[in-house]
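S.K.: Sequence and predicted structure, then a few things I'm wondering about:
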Amino acid sequence: MLIEVFADFSCPWCFIGRRRLARAQGMRPQLTFEIVWQPFQLNPDAPTAGISRRRRQDGLFQDADRMAAMERALEESGGKEGIRFAFSRINRIPNTASAHRLMRFAARSRHDEALAEQLFSAFFECGEDIGAIDTLLRCAEAVGLDPAAARQFLSSGDEAESVASIDQLARQGGIAGVPYFVIDRRYALAGAQEPAVFLPLFDASLVSSDEILASPA
């Protein structure tokens with residue numbers, strides 16, 4: 001079963017959504033899943049060096065209490081999924097274009113699932129700048145990728161056009177926020193839904209696939 005995950009690694013709900021999707025997969029052990037990570041940048045116009053988190057917050061939230069309440073809600077939701085959000089450690093909101101490119105490099109050797117987890121954790125639990133090449137290379141090495149090959153890939157500009165094109169097509173197709181899950185290119189689910197919400201879509205997709213296989217030529 002193909003699941004395309006449109007997400008950004010600077011999105012806390014995408015981290016939560018990833019963990020909830022994994023739990024949903026565990027509830028259907030008889031199914032084989034192919035997860036494909038698709039790029040969707042929340043801050044596509046951010047400079048390469050990223051932007052100050054404080055500056056970004058001041059632009060989005062006039063009320064500091066509102067921001068604190070949102071982070072507490074995320075910490076509570078994330079805690080239930082084993083995520084230890086450490087917002088106080090985050091100094092910059094990164095431009096994630098290179099992270100999305102690295103994901104496509106990792107997919108070539110099926111390291112993308114592990115890399116997604118590593119990128120989310122590095123940013124949200126450790127406060128690392130996942131827009132910085134050195135951070136990306138540490139994440140790549142941590143999941144078993146060759147850091148020298150990863151550095152060469154990132155320096156080449158390879159996959160940059162693909163990342164930008166998929167991001168644009170997603171927006172043109174009506175995706176306005178992430179996480180966003182597309183199941184077997186038949187069903188879509190928006191938001192970091194609880195695992196039980198995925199199950200009817202898994203089952204419906206499985207029935208549809210069986211019907212196609214059983215139909216006469």
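M.R.: Now that the structure is in, tell me what you want to look at.
S.K.: residue ranges for the strands of the protein, please.
M.R.: For the chain, applying DSSP state E gives strands covering 2-7, 34-39, 51-52, 92-93, 180-183, 187-190.
S.K.: need the helix or strand of this structure with the lowest average pLDDT.
M.R.: The helix or strand of the chain with the poorest confidence is helix 53-60; it has a mean of 67 (mean pLDDT, DSSP states H and E).
S.K.: Buried residues in stretch 26-43, which are they?
M.R.: Of all the residues in stretch 26-43, those buried under the rule 16 or more other C-beta atoms under 10 Å are Arg28, Ile35, Trp37, Gln38, Pro39, Phe40, Gln41, Asn43. C-betas here are computed from N, CA, C, even on glycine.
S.K.: Closest to Ser162 out of those?
M.R.: Nearest to Ser162 among the buried residues of stretch 26-43 is Pro39, at 8.5 Å by C-beta to C-beta.
S.K.: Other residues contacting the longest helix seen in the chain?
M.R.: When the chain is parsed with DSSP state H, its longest helix is helix 195-214. When contacts are defined by C-beta atoms under 8 Å, 6 or more residues apart in numbering, helix 195-214 is touched by residues 1, 20-21, 23-24, 27-28, 31, 181, 183-184, 186-187, 189.
S.K.: Apart from its neighbours in sequence, what residue is nearest the residue most central in space within the chain?
M.R.: Centroid-nearest residue in the chain, with C-alpha atoms, centre = their mean: Ala7, separated by 3.6 Å. Once flanking residues are discounted, Ala7 sits nearest to Cys14: 3.9 Å by C-beta to C-beta, 6 or more residues apart in numbering.
S.K.: Can you give me the neighbour number for that neighbour?
M.R.: Neighbour count of Cys14, defined by other C-beta atoms under 10 Å: 24.
S.K.: Generate TSV for the contacts of helix 195-214, with pLDDT and distance to Leu169 as supplementary columns.
M.R.: Below are the contacts of helix 195-214 laid out as TSV (pLDDT from 0 to 100; distance: C-beta to C-beta, whole Å):
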residue	pLDDT	distance to Leu169
Met1	96	22
Arg20	98	25
Leu21	98	22
Arg23	98	29
Ala24	98	26
Met27	97	31
Arg28	96	29
Leu31	95	27
Phe181	98	16
Ile183	97	18
Asp184	96	18
Arg186	94	18
Tyr187	96	19
Leu189	98	19
